[in-house]
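>>> I'd like to go over a predicted model; first the sequence, then the structure.
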Amino acid sequence: MPAHKIAVIAGDGIGQEVMPEGIRAVEAAAAAFDIEIEWTHFDWACADFYQRHGEMLPPDWFTTLSQFEAIFFGAVGWPEVVPDHISLWGSLLRFRREFDQYINLRPVKLMPGVPCPLAGKKPEDIDFLVVRENTEGEYSDVGGILYPGTEREVAIQQSSFSRLGVDRVQRFALELARQRPKQHLTSATKSNGMAISMPYWDQRMAENARAFPEVRVDQYHIDILAARFVLSPERFDVVVASNLFGDILSDLGPACAGTIGIAPSANLNPERTTPSLFEPVHGSAPDIFGQGIANPIATIWSGAMMLDFLGNGEPRYRQAHDAILSAIEASLLAGPHTPDLGGSATTEAVGNAIANTIAS
Ligand code: GGG
């Protein structure tokens with residue numbers, strides 16, 4: 001088997017600190033299951049690629065990255081150097097949109113050993129998937145400022161919900177729900193307040209759901225849905241949401257499950273015509289960068305999702321994924337723990353412990 005070619009973009013802030021641990025864990029699992037990975041590193045970040053070039057990416061980035069099967073990504077954003085909307089639109093959002101990674105899959109799981117901020121919840125109570133639309137919706141750079149600098153100044157921003165974009169994410173979520181024991185899908189909407197896009201989202205949901213009669217579909221307005229995440233997370237199995245709603249829910253969910261520091265994500269092009277991208281849900285966290293205390297588990301778990309994706313159904317890749325998940329569970333139960341989980345361990349110590357467990 002030729003080696004899988006993976007592009008690594010550690011990016012900004014704690015992305016630099018967690019990525020070596022992500023790679024270490026994936027390498028340990030790959031070695032245990034006879035999988036070969038070839039890593040190629042790219043220094044595309046705010047500091048200091050943007051500082052030197054005035055752009056987040058080189059002109060040939062699309063051709064360069066197209067040669068890889070997947071991208072392992074850390075974090076983007078360093079507001080001291082460049083405003084966040086410039087860095088996000090200059091890199092991560094370009095990957096998602098131009099590689100048509102239209103599914104952002106974000107598992108939310110209360111892991112054994114992680115203190116849950118919600119009273120009385122057990123690991124079996126919080127175990128669901130957020131499927132976020134990843135290429136359109138409220139994430140938009142269409143619009144402008146009218147009458148700038150005057151009293152009539154007005155900012156206008158348009159969102160877009162295409163039939164193709166809405167249908168493909170809803171059908172992906174329906175299919176995912178169909179394959180799970182509970183066969184339950186929750187759709188996030190706000191059709192009482194957003195009078196065009198969200199009724200359209202709901203209408204397409206009703207139409208798409210017809211092809212999946214086994215799946216029980218319900219829908220909630222985003223405000224009460226957020227409240228239900230906190231009050232009764234056991235209600236959820238698969239949750240499908242637009243780009244912005246999905247972004248918010250997939251931070252809220254992991255916060256309900258103890259820490260965003262362990263939340264993974266996969267930005268998928270399900271057709272595999274372009275590379276998919278795997279990254280922790282968290283960002284660059286300038287407030288803790290440089291202390292070596294960032295939790296590497298979100299990146300390690302994202303690496304496990306990447307291995308599973310690379311295998312495309314091949315059992316040893318699933319076993320490699322499962323070996324990483326077991327090692328994560330062992331580390332969450334017995335330590336060491338980084339400060340977000342109440343411990344004082346370093347990023348490297350947690351990464352070491354997980355890699356050693358995988359290799360043992
Ligand atoms: N590792 C992900 C990351 O750096 N995220 C920064 C961020 O602001 N992302 C927004 C988004 O996922 O839409």
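Cool, the structure landed.

>>> Can you tell me the closest non-neighbouring residue to the spatially most central residue of the chain?
Centroid check for the chain by C-alpha atoms, centre = their mean gives residue 265 as the closest residue, at 2.7 Å. Closest residue to residue 265 apart from its sequence neighbours, by C-beta to C-beta, 6 or more residues apart in numbering: residue 106 at 4.6 Å. In this view, the C-beta of every residue, glycine as well, is placed from N, C-alpha and C.

>>> List the contacts of the one you found.
129-132, 246, 250, 253, 263-266, 281 (C-beta atoms under 8 Å, 6 or more residues apart in numbering).

>>> Out of these, list just those in strands.
Using DSSP state E, the subset of the contacts of residue 106 located in strands is 129-132, 264-266.

>>> For these, pick the one with the most neighbours.
residue 130 (31 neighbours; other C-beta atoms under 10 Å).

>>> Tell me if I'm right that residue 103 and residue 175 touch.
No. The pair residue 103 / residue 175 is not scored as a contact, 10.8 Å apart, by C-beta atoms under 8 Å.

>>> if you count what's nearby, which of the two comes out ahead?
residue 103 (24 against 15).

>>> Nearest residue to the more buried one in space, please, no chain neighbours.
Once chain neighbours are set aside, the closest to residue 103 by C-beta to C-beta, 6+ apart is residue 268, at 4.3 Å.

>>> can you count the residues close to that neighbour?
Residue 268 has 23 neighbours, counted by other C-beta under 10 Å.

>>> List the residues that contact it.
When contacts are counted by C-beta under 8 Å, 6+ apart, residue 268 touches 101-105, 276, 309.

>>> Ok, residue 100 next?
135, 269, 273-274.

>>> Work out for me the element it sits within.
Residue 100 belongs to no helix or strand when elements are defined using DSSP states H and E.

>>> How about residue 138?
Using DSSP H and E, residue 138 falls within strand 137-146.

>>> which strands and helices sit next to that strand?
strand 154-160, helix 243-256 (3 or more C-beta pairs under 8 Å, 6 or more residues apart in numbering; DSSP states H and E).

>>> Give me the contact list for that strand.
By C-beta under 8 Å, 6+ apart, the list of residues contacting strand 137-146 reads 89, 93, 152-161, 165, 197, 242-245.

>>> I'd like the distance between whatever residue of the stretch 51-200 of the chain ends up closest to the ligand and residue 199.
Per C-beta to the nearest ligand atom, residue 75 is where the stretch 51-200 of the chain lies closest to the ligand, at 3.6 Å. Relative to residue 199, residue 75 is positioned 36 Å away (C-beta to C-beta, to the nearest Å).

>>> ok, the two, which is more surrounded?
residue 75 (30 against 14).

>>> Identify the residues contacting the spatially closest residue to that one that is not a sequence neighbour.
Nearest non-adjacent residue to residue 75, counting by C-beta to C-beta, 6+ apart: residue 15, 3.4 Å away. Taking C-beta under 8 Å, 6+ apart as the criterion, residue 15 is in contact with 45, 73-76, 284.

>>> Could you find the closest non-adjacent residue to the residue of the stretch 101-250 of the chain found nearest the ligand?
For the stretch 101-250 of the chain, the residue closest to the ligand is residue 247, as judged by C-beta to the nearest ligand atom, at 4.8 Å. Nearest in space to residue 247, with sequence neighbours left out and distances taken as C-beta to C-beta, 6+ apart, is residue 132 at 6.4 Å.

>>> check contacts around the one you found.
With C-beta under 8 Å, 6+ apart, residue 132 has these contacts: 103-106, 169, 241-243, 245-247, 249-250.

>>> Just put those residues in JSON lines and tack on pLDDT.
Shown next, in JSON lines, are the contacts of residue 132 (pLDDT from 0 to 100):
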{"residue": "103", "pLDDT": "98"}
{"residue": "104", "pLDDT": "98"}
{"residue": "105", "pLDDT": "98"}
{"residue": "106", "pLDDT": "97"}
{"residue": "169", "pLDDT": "98"}
{"residue": "241", "pLDDT": "98"}
{"residue": "242", "pLDDT": "98"}
{"residue": "243", "pLDDT": "98"}
{"residue": "245", "pLDDT": "98"}
{"residue": "246", "pLDDT": "98"}
{"residue": "247", "pLDDT": "96"}
{"residue": "249", "pLDDT": "97"}
{"residue": "250", "pLDDT": "94"}
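
>>> Closest to residue 211 out of those residues?
Closest approach to residue 211 among those (C-beta to C-beta): residue 169, at 14.6 Å.

>>> Correct me if wrong: the closest one contacts residue 136.
No. In this structure, residue 169 is not within contact of residue 136 by C-beta under 8 Å, at 9.4 Å.

>>> Between these two, which is the more surrounded one?
Each of residue 169 and residue 136 has its neighbours counted (other C-beta under 10 Å); residue 169 has more, 28 against 19.
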